[in-house]
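**Student:** sharing a sequence plus its predicted fold:
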Amino acid sequence: MSLQHESHHQVPSFHRGSFVDELESARTDLTHRLLTGESLAESPSTSASAPPLSPSHSAAPSTPPSGAVSPPELTTARDGDLVADSFAFAFDIDGVLIRGGRPIPEAIEAMKVLNGENEYGIKIPYIFLTNGGGKSEAERCGDLSRQLEINISPAQFICGHTPMSEMATKYGTVLVVGGEGEKCRQVAESYGFTDVVTPGDIIKNNSATTPFRKLTAEELANSKERDFSNVTIEAVFVFADSRDWAGDLQIILDIAMSKGGRVGTRSETFEEGPPIYFSHSDVLWSAAHDDPRLGMGALRGIVEYTFKEITKGKTLTTHAFGKPQIGTFEFATRLLKRWRKNAHNLDSPPETVYFVGDTPESDIRGTNDFNAKAENDWYSILVETGVYQQGTIPTYKPRSTVTTVLDAVNFGLRREMERRQQKKLSATNLVAADHGRTNRPKLTNVPRWLLDSTDCAVLSPSEERALELVAH
Ligand SMILES: [Mg+2]
């Protein structure tokens, strides 16, 4: 994020310019509000532990105690916790921390190490970056918190569909596909999409749309009755894995072949359909079964293939968010920056971010690609508890391969400490906890909404979003 945005003090109005212009405008607006602590959604606090909302975001600068190296690699924050300043972790979830709805045992131990239960007594900042979705970030965080026995904030969390939030102002009526029941409609509406159509709405209007899929009584009750003769679908968003591939495939193709997104019409050129976005493009993912299961990337491939077959050779270009798209890692960089600032009072970016994943095609490829252009070092670590199978050759080569996420955390921690020793930084530079220091940085400048809001993770502005809309 460039400084020019941080110093921007005027809230720009939205305008209907180019796609990039609109994202730029939305980003600047959100950045301004983030930095000024202006509430995006009123969120009355019930948390006794939440710090008071400071009227100013300009807290006293963090002054290194005498004797500390500058810049310190370890610093104090939050009432004297020792926090790793020079490095951080980012984790994929499925196949790394969770498998088949259950935590991988080593994951719970790994979180303890990150939260200070290590021989150095330091806490290490971390975030989560999953291609998965189908629930709100807050709900997914609640699940993960229970599974891993720690408190995880939505401000540490990016779902596959999180960046879609930035497109809410761009489109009017949208078709949202995937996930359980009405969940994805609700998530889309929470992102700010104002008119969300689901496949259920279309089937309710015309049950002949999907010959082999009948809505259940519950689906029939939840689906919305509307007259589609005057509805234009401006974009299709596949938020989460389809629960009915055949029906959803039919409906996505109907819209792709329509006259400008009008339900029930057929284009003569097959070139008038609205854009189609997938929240990620993973063909496989790690679930409870011994072998990886089919993911959204497979549906994406089928949509494109079938479109070509039906239209006798026309190409349908769809778009994917998520890893390995560079924009997703840029999004993660901004999330990590804000998390380090707000939770740990760290101002400078980490020198190294260890990314731990199980899928070479998304986790390792994305991390390596991003590392080639990032200012800091994004270090890819592949684990053997998910999609990647021990003994095989990964399509994209990680910097390091380990067995479990606990090994990955210990590896990163050990590597950092060795580097630290190499720099001849002695343990005396570790700053002991000292509650009495008046210049000790405290967590007093965090807007309360950021701590309490259930959807703050989706508020992050995006830079160069167009970069991640690269079809492949
Ligand atoms: Mg995974």
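**Tutor:** Happy to help now that I have it. If you're wondering where the values come from, they're calculated on a predicted model, not measured in any experiment.

**Student:** alpha carbons only for contacts and neighbour counts from here, please
**Tutor:** Noted.

**Student:** and Tyr277, what are its bridge partners?
**Tutor:** Beta bridges link Tyr277 to Phe237, His319, judged by DSSP bridges.

**Student:** just the helices in the stretch 51-200 of the chain please.
**Tutor:** 105-114, 137-148, 183-191, 199-205 (DSSP state H, counting those that start in this stretch).

**Student:** tilt between the longest one and helix 105-114?
**Tutor:** Compare the direction of helix 137-148 with that of helix 105-114 by axes from the mean of the first three to the mean of the last three C-alpha atoms, to 10 degrees and you get 100 degrees.

**Student:** tell me the angle helix 137-148 makes with helix 183-191.
**Tutor:** If you take the same axes, to 10 degrees, helix 137-148 sits at 120 degrees to helix 183-191.

**Student:** report the buried residues of helix 137-148.
**Tutor:** 137-138, 140-142, 144, 147-148 (16 or more other C-alpha atoms under 10 Å).

**Student:** reformat those residues as TSV; add distance to the ion and pLDDT.
**Tutor:** Shown next, in TSV, are the buried residues of helix 137-148 (distance: C-alpha to the ion, whole Å; pLDDT from 0 to 100):
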residue	distance to the ion	pLDDT
Glu137	17	92
Ala138	20	94
Arg140	15	93
Cys141	16	95
Gly142	19	95
Leu144	14	96
Gln147	16	95
Leu148	16	96
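
**Student:** closest one of these to Ala256?
**Tutor:** Taking C-alpha to C-alpha as the measure, Ala256 lies nearest Glu137 of those, at 29.0 Å.

**Student:** got the contact list for Lys314?
**Tutor:** By C-alpha atoms under 8 Å, 6 or more residues apart in numbering, Lys314 lies in contact with 270, 307-308.

**Student:** now do Leu249
**Tutor:** Neighbouring residues of Leu249 by C-alpha under 8 Å, 6+ apart: 299, 303.

**Student:** cool, Ser279 as well?
**Tutor:** Under the criterion of C-alpha under 8 Å, 6+ apart, the neighbours of Ser279 are 131, 160-161, 164, 237-240, 320-322.

**Student:** pick out the most distant pair among these.
**Tutor:** Greatest spatial distance among the contacts of Ser279 (C-alpha to C-alpha): Asn131 and Phe237, at 14.4 Å.

**Student:** now do the residue in the chain that the ion sits nearest to against Gly247, distance only.
**Tutor:** In the chain, no residue comes nearer to the ion than Asp94, which is 4.1 Å away by C-alpha to the ion. Asp94 sits 26 Å away from Gly247, going by C-alpha to C-alpha, to the nearest Å.

**Student:** what's the answer for Gly179, then?
**Tutor:** Separation of Gly179 from Gly247 (C-alpha to C-alpha): 13 Å.

**Student:** ok, Cys141 next?
**Tutor:** With distances taken as C-alpha to C-alpha, Cys141 is found 30 Å from Gly247.

**Student:** ramachandran angles for Asn151?
**Tutor:** phi -90, psi 120 (degrees, to the nearest 10).

**Student:** on that earlier part again, the more surrounded of Asp94 and Gly247?
**Tutor:** Asp94 (25 against 19; other C-alpha atoms under 10 Å).

**Student:** ok, the more buried one - contacts?
**Tutor:** Shown in contact with Asp94 (C-alpha under 8 Å, 6+ apart): 130, 132, 285-287, 358, 386.

**Student:** quick check: bridge partners of it?
**Tutor:** What pairs with Asp94, by the bridge criterion (DSSP bridges), is Ile98.

**Student:** in terms of pLDDT, where does it sit?
**Tutor:** pLDDT for Asp94: 96.

**Student:** please apply the same query to Gly101.
**Tutor:** Gly101 is assigned a pLDDT of 91 by the prediction.

**Student:** what of Leu82?
**Tutor:** pLDDT for Leu82: 89.

**Student:** distance of it from Asn118?
**Tutor:** Following C-alpha to C-alpha, the distance that separates Leu82 from Asn118 is 11 Å.

**Student:** what of Lys373?
**Tutor:** From Lys373 to Asn118 the distance is 32 Å (C-alpha to C-alpha).

**Student:** ditto for Thr169
**Tutor:** According to C-alpha to C-alpha, Thr169 and Asn118 sit 45 Å apart.
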